[in-house]
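# coordinates only, sequence not included:
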């Protein structure tokens, strides 16, 4: 039972730094909202993340819903949002949270058979009523007129003769592909996560030892299997150490009980019989009150 608890504890520690993509969205929403210090409408605020997510960038932009629908947003990071953007349900103010997953792209969005030529970028909309709120649900945002365009920067090169594709990761776990426009631009009418990929001509390489994945290869599956191996190994080693400690503790308790029992027996032996003291010469000695067996003559005849 103790071994099972120990394994569960190790797995829990590991999962702290390895959330699912949806858990990551919730975490980045919290980081983005924390960037609002004396917030102003229409100003982009870059947020910070913990050291275990080095390479991930997050930003937040608060807008009035009516202004967003009438004017759109030009050049919000890599995103260009046209007029006619509609959110459901309607809110007075909306916050657009930007994600750039950097070298964590293939870890959170593994795509077997494809290599990433650019980091995964995300655009999610939230209600701006409470800027201190965490774990908010995303609004349903759609472009009713022209599509949203994503202009990727520093797009890598695929193998000769390959055809790059835009990939769309929906919030419901769906994956869609589309053609690249102008070599580095993708179009969408929905919010979500986006990247440019190319079909892999060779087997995907395993992710680095740190488990961070890479922007030019899919290593999420191998990284997770490696983490499981480390978890199992940690459980075994931890269990052996725990059993040794329990055995030593058991021996120590048993020895203490034996010593305590011996002391009690010695004290009982010393206090079991109380004899009166009498003076014999210059010394005192214990004296029995009477003998246990009275002397009896062997022969009653007395000469």
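Looks like it came in fine. Note that the structure is a prediction, hence the values are computed from the model and not measured.
# Point out where the stretch 1-150 of the chain drops to low pLDDT.
1-19 (pLDDT under 70).
# ok, now the stretch 201-303 of the chain?
202-229, 266, 268-276, 281-282, 284-303.
# how does it look with 80?
For the stretch 201-303 of the chain, the stretches with pLDDT under 80 are 201-231, 233-234, 263-303.
# Kindly list the main-chain dihedrals of the closest residue to residue 137 other than its chain neighbours?
Excluding the flanking residues, the one nearest residue 137 by C-beta to C-beta, 6 or more residues apart in numbering is residue 126, at 8.0 Å. To be clear about C-beta, it is placed using only N, CA and C from the backbone, and glycine gets the same treatment. Taking degrees, to the nearest 10, you get phi -140, psi 160 for the backbone angles of residue 126.
# just the one 5 residues further on next, same as before
Torsion angles at residue 131 (phi, psi; degrees, to the nearest 10) stand at phi -80, psi 0.
# Which of the three states applies to the nearest residue to it once chain neighbours are set aside?
Leaving aside its chain neighbours, residue 131 sits nearest to residue 36 (4.9 Å; criterion: C-beta to C-beta, 6+ apart). Secondary structure, DSSP: H, G, I helix; E, B strand; the rest coil: residue 36 is coil.
# name the element the nearest residue to residue 163 once chain neighbours are set aside belongs to?
Once flanking residues are discounted, residue 163 sits nearest to residue 198: 7.2 Å by C-beta to C-beta, 6+ apart. Assigned by DSSP states H and E, residue 198 falls within strand 192-199.
# I'd guessed the residue nearest to residue 131 sits against residue 46; true?
No. Applying C-beta atoms under 8 Å as the test, residue 36 and residue 46 come out as separate, 11.2 Å apart.
# hey, where'd the strands end up in the stretch 101-250 of the chain?
Here the stretch 101-250 of the chain has its strands, by DSSP state E, counting those that start in this stretch, at 114-116, 121-127, 140-143, 148-151, 165-169, 175-179, 185-188, 192-199.
# Next, the angle from the fifth one to strand 121-127.
Compare the direction of strand 165-169 with that of strand 121-127 by axes from the mean of the first three to the mean of the last three C-alpha atoms, to 10 degrees and you get 30 degrees.
# buried residues in strand 165-169?
Residues of strand 165-169 classed as buried by neighbour count (16 or more other C-beta atoms under 10 Å): 165-169.
# Let me have these in CSV, extended by pLDDT.
As requested, the buried residues of strand 165-169 are exported to CSV (pLDDT from 0 to 100):
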residue, pLDDT
165, 95
166, 97
167, 97
168, 97
169, 97
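# With the flanking residues excluded, which residue is spatially nearest to residue 181?
Leaving out its chain neighbours, the residue that sits closest to residue 181 by C-beta to C-beta, 6+ apart is residue 187, at 6.1 Å.
# how about the one you found, what does it touch?
147-150, 166, 178, 181 (C-beta atoms under 8 Å, 6 or more residues apart in numbering).
# go with 7 Å
Contact partners of residue 187, counting by C-beta atoms under 7 Å, 6 or more residues apart in numbering, are 147, 149, 178, 181.
# max-length helix in this protein?
Determined from DSSP state H, the single longest helix within the chain is helix 220-271.
# Tell me the helix or strand right after that helix.
Trace forward from helix 220-271 with DSSP H and E and the next one is strand 277-280.
# And the buried residues of strand 165-169, which is closest to residue 78?
For those, the closest approach to residue 78 (C-beta to C-beta) belongs to residue 166, at 12.6 Å.
# my read: the closest one touches residue 193, true?
No. The pair residue 166 and residue 193 fails to qualify as a contact (C-beta atoms under 7 Å) at a distance of 11.5 Å.
# What count of nearby residues applies to residue 171?
17 (other C-beta atoms under 10 Å).
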